[in-house]
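*Asks:* here is my input; please provide its structure:
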Amino acid sequence: MTLELDAPVRGNNLDPESLETRTATGKLVSFRYLAGALRRRRWLWMSIAVIGLLVGGAYHSVVPRTYAAYATIYMAHAPGTDDAIGMANDIALLDNTAVGRGAIALLGEPSLSPGKLLGKTPGVAVSDNVLTVTINGPSYKEAVRRVNAVTSAYLSFRDRQYNAQDNAIVSGLNKQIGFLTRQINVLTSSIGQVISGTNQLTQLVDQRSQDETEIANLQQTVQQDQLDTISVLKATRVLSAGSPIASSTLKLTLIASAMGLGAGLAIGLGIVILPALVSDKVRRREDVATILGTPVGLSLKPMSVETRPPRGRRRALKAVKIDPEQRRVVSYLRSRLERSGNRSVLAVAIDDTAVAAVSFLETARSVALEGKEVVLIDLTATHVLETMCGCEGEHVHRVPVNDTAAVTLFVPPPYLGPEDDRAPWQLSAERWQHADAVLALASVDLARGAWHLRGWNEAIVVLRTGRSTPQRISGTAQLLRAAGVRVASAILFDVDEDDESIGLLPAGSPWVNASLRDVPSMPPSWK
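*Replies:* You can find the predicted model right below:
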């Protein structure tokens, strides 16, 4: 994965004369990368595989299994014909609607359709003269009964076709014999009227002799054709009547389960691997640091975070059970408060404000329990702090922690634009200028900019692994610097187990602690 940064900076200012392309040290797609994606989402593809296994195992419980029976027929063909061609014709005759209707009539089941009875391939040629007929049924007994009916109907249908063919040939030959016979009668009458010893008499006698020879040949052909037809029909016979094809129910269930497992596994792996191949979401600490231009100050393993708002209209910061990794965030925020000269911290959540809000509320609660004055400022687009505290309707809320301590929650009015001298949160800053700790959580809309955060010296960027694209992270950082806010560090949630980068920038990097000061009073996109 290659990440490009559009606007390099020198020191604290943007140098438009020395634009160059910065490339993050991303890693290309590899087996290890795909293995990591499979490990992260193993619950998904494993669940789909298990569902496929269960569906396959229960298939024969929902869909009744079919039983099969077979019969073997010896197929005789007329002398002088190609047996392979003859067998192909026999298979074509078997897969015929007329055969199905005849078998249904023998079975006495008019509700059964020919297609359902015969199936897709009712006959298979074992050799040029041996045909196997296989028919399914709801039971072994019924399958045997059906295959015998199909065999009988097929042989009857084939006999009719051969007899019809023979009758057509014999009829044509008999017509020709009748014509020659009439011609002989005419010749005989003519011979009686011609004077003996003449050439005409000789010619008539020769013509009659030829016609008589041709009639004899035709009669012999008729006899031979009838004999061939009789021999084909008599020689064609059933070698083995209907016999069941034994199959174990357990074996069928295991096969169906294996097929379901394979299908589920293939679908699950495809759902995980294909997005991993085409995704451009940032996953590595080093990439995040390079794009933001600041080190990743804190990275945390995946954790479970309760982000649901409290029930009812209760407004209080109660102690909640948080993950040990989340406590590291609280400690980090408290350390930033202690190192901050004005005891204030601004965090900008890029892709998940709720996860950052849990840490902020717990930090505010822990500081307030020490008897200090704490102010929370909700600068998020969704007012997540206000929602999770159960507050609404006012700009300033007093949220109790216990009987003696409370936290002030300030939700500024909507910010209309950068033409205002002071952002809405600054208008009430006099109220908490003597507060012991000020915690602000914000979000940035790439279309509107970060001008509502003017006045803050620095910010911590909070994001989750694999949630944001390089363009979104880079755009947020550039908008913060355009508003005069230095990106101090980053907090990265849900770090991959296979991420071996450290998230620190090289010494002397022009991106370290970079900020923009020469910015217009209104960004070009704000029109």
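*Asks:* C-alpha from now on. contacts and neighbour counts both.
*Replies:* OK.
*Asks:* which residues does residue 407 form a beta bridge with?
*Replies:* residue 374, residue 399 (DSSP bridges).
*Asks:* surely it touches residue 385?
*Replies:* No: Residue 407 is not in contact with residue 385 according to CA atoms under 8 Å; the separation is 11.9 Å.
*Asks:* so for these two, which sits in the more crowded spot?
*Replies:* Taking neighbours as other CA atoms under 10 Å, residue 407 and residue 385 compare with residue 385 leading, 27 against 23.
*Asks:* wait, the more buried one touches residue 357, no?
*Replies:* Yes: counting by CA under 8 Å, residue 385 does reach residue 357; the two are 6.1 Å apart.
*Asks:* ends of stretch 346-361, what's the gap?
*Replies:* Taking CA to CA, to the nearest Å, the first and last residues of stretch 346-361 lie 14 Å apart.
*Asks:* look up how far residue 96 lies from the residue lying closest to residue 240 once chain neighbours are set aside.
*Replies:* Spatially, and ignoring its direct neighbours in sequence, residue 240 is nearest to residue 72 (5.1 Å; CA to CA, 6 or more residues apart in numbering). Noted for residue 72: a distance of 18 Å to residue 96, by CA to CA.
*Asks:* give me the domain ranges for this structure.
*Replies:* 62-250, 284-306+313-493 (automatic domain parsing).
*Asks:* which one of the ones you listed has the most crowded surroundings?
*Replies:* Of all the domains of the chain, domain 284-306+313-493 has the most neighbours on average by mean count of other CA atoms under 10 Å, namely a mean of 19.
*Asks:* per-residue confidence averaged over that one?
*Replies:* Averaged over domain 284-306+313-493, pLDDT sits at 83.
*Asks:* ok, now stretch 254-271?
*Replies:* 88.
*Asks:* so which bits of that stretch are buried?
*Replies:* Under the neighbour-count criterion of 16 or more other CA atoms under 10 Å, stretch 254-271 has 256-265, 267-269 buried.
*Asks:* contacts for it next, please.
*Replies:* Residues outside stretch 254-271 that contact it (CA atoms under 8 Å, 6 or more residues apart in numbering): 38, 44-46, 48-59.
*Asks:* what lines up beside the helix or strand where the residue nearest to residue 240 lies in the sheet?
*Replies:* Assessed by DSSP states H and E, residue 72 sits inside strand 67-74. According to DSSP bridges, strand 67-74 forms sheet pairs with strand 130-137 (antiparallel), strand 237-245 (antiparallel).
*Asks:* indicate which one of the ones you listed is closest to residue 124.
*Replies:* Smallest distance to residue 124 across the strands paired with strand 67-74 (CA to CA): 5.3 Å, for strand 130-137.
*Asks:* could you list every helix and strand that whichever helix or strand comes after the closest one packs against?
*Replies:* Going down the chain from strand 130-137, the next helix or strand is helix 140-193, by DSSP H and E. Helix 140-193 sits against strand 67-74, helix 83-94, helix 97-107, strand 130-137, helix 199-235, strand 237-245, with contacts defined as 3 or more CA pairs under 8 Å, 6 or more residues apart in numbering; DSSP states H and E.
*Asks:* repeat that with 10 Å
*Replies:* Secondary-structure packing of helix 140-193 (3 or more CA pairs under 10 Å, 6 or more residues apart in numbering; DSSP states H and E): strand 67-74, helix 83-94, helix 97-107, helix 114-118, strand 130-137, helix 199-235, strand 237-245.
*Asks:* average model confidence for the following helix or strand past the shortest one?
*Replies:* When you say that, I think you mean helix 114-118. Toward the C-terminus, helix 114-118 is succeeded by strand 123-125 as the next helix or strand (DSSP H and E). Taken as a whole, strand 123-125 has a mean pLDDT of 89.
*Asks:* repeat that for stretch 87-103.
*Replies:* 89.
*Asks:* now the end-to-end length of that stretch.
*Replies:* 21 Å.
*Asks:* please save the CA atoms from whatever helix or strand residue 287 lives in in PDB.
*Replies:* Here residue 287, judged by DSSP H and E, is contained in helix 285-292. Output of helix 285-292 as PDB, limited to C-alpha atoms (Å, rounded to 0.1, in the frame of the first residue of the first chain):
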ATOM      1  CA  ARG A 285       1.500   3.100  12.900                       C
ATOM      2  CA  GLU A 286       4.200   4.200  10.600                       C
ATOM      3  CA  ASP A 287       1.800   5.200   7.800                       C
ATOM      4  CA  VAL A 288      -0.400   7.100  10.300                       C
ATOM      5  CA  ALA A 289       2.700   9.000  11.600                       C
ATOM      6  CA  THR A 290       3.900   9.800   8.100                       C
ATOM      7  CA  ILE A 291       0.500  11.100   6.900                       C
ATOM      8  CA  LEU A 292      -0.200  13.200  10.000                       C
END
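*Asks:* so what does that helix touch, helix or strand wise?
*Replies:* strand 3-5, strand 22-24, strand 296-299, helix 470-482, strand 486-493.
*Asks:* just the CA trace of the fourth one, in PDB.
*Replies:* What that stands for is helix 470-482. Taking Å, rounded to 0.1, in the frame of the first residue of the first chain, the C-alpha atoms of helix 470-482 are listed here in PDB:
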ATOM      1  CA  PRO A 470      -4.900   8.300   3.600                       C
ATOM      2  CA  GLN A 471      -6.800  11.200   2.000                       C
ATOM      3  CA  ARG A 472      -9.100  11.600   5.000                       C
ATOM      4  CA  ILE A 473      -6.300  11.500   7.500                       C
ATOM      5  CA  SER A 474      -4.100  13.900   5.500                       C
ATOM      6  CA  GLY A 475      -7.000  16.200   4.800                       C
ATOM      7  CA  THR A 476      -7.900  16.500   8.500                       C
ATOM      8  CA  ALA A 477      -4.200  17.200   9.400                       C
ATOM      9  CA  GLN A 478      -3.900  19.900   6.700                       C
ATOM     10  CA  LEU A 479      -7.200  21.600   7.800                       C
ATOM     11  CA  LEU A 480      -6.000  21.600  11.400                       C
ATOM     12  CA  ARG A 481      -2.700  23.300  10.400                       C
ATOM     13  CA  ALA A 482      -4.600  25.700   8.200                       C
END
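*Asks:* off-centre distance for it?
*Replies:* From the chain centre to the centre of helix 470-482 is a distance of 33 Å (CA atoms, centre = their mean, to the nearest Å).
*Asks:* repeat for stretch 75-90
*Replies:* 49 Å.
*Asks:* could you do stretch 272-288 as well?
*Replies:* 19 Å.
*Asks:* next one: stretch 481-490
*Replies:* That offset, for stretch 481-490, works out to 41 Å (CA atoms, centre = their mean).
*Asks:* let's see the distance spanning it from one end to the other.
*Replies:* 14 Å.
*Asks:* do you know how far the residue most central in space within the chain is from residue 500?
*Replies:* In the chain, the residue lying closest to the centroid (CA atoms, centre = their mean) is residue 271, at 5.3 Å. Note on residue 271: its distance to residue 500, by CA to CA, is 26 Å.
*Asks:* ditto for residue 128
*Replies:* Taken as CA to CA, the span from residue 128 to residue 500 is 68 Å.
*Asks:* residue 321 now?
*Replies:* 30 Å.
*Asks:* cool, residue 286 as well?
*Replies:* Applying CA to CA to residue 286 and residue 500 gives a distance of 9 Å.
*Asks:* the buried residues of stretch 254-271: which two are farthest apart?
*Replies:* Within the buried residues of stretch 254-271, 256 and 269 form the most distant pair, 19.7 Å apart (CA to CA).
*Asks:* list phi and psi for residue 345.
*Replies:* phi -140, psi 130 (degrees, to the nearest 10).
*Asks:* if the spatially closest residue to it that is not a sequence neighbour is in a bridge, with which residues?
*Replies:* Taking CA to CA, 6+ apart, and ignoring the residues beside it in sequence, residue 345 has residue 439 as its nearest neighbour in space, at 5.1 Å. With beta bridges defined as DSSP bridges, residue 439 has these partners: residue 345, residue 376.
*Asks:* next, the contact list for residue 439, please.
*Replies:* 333-334, 337, 343-347, 360-361, 363-364, 374-378, 409 (CA atoms under 10 Å, 6 or more residues apart in numbering).
*Asks:* what do you get for residue 497?
*Replies:* 36, 39-40, 301-302.
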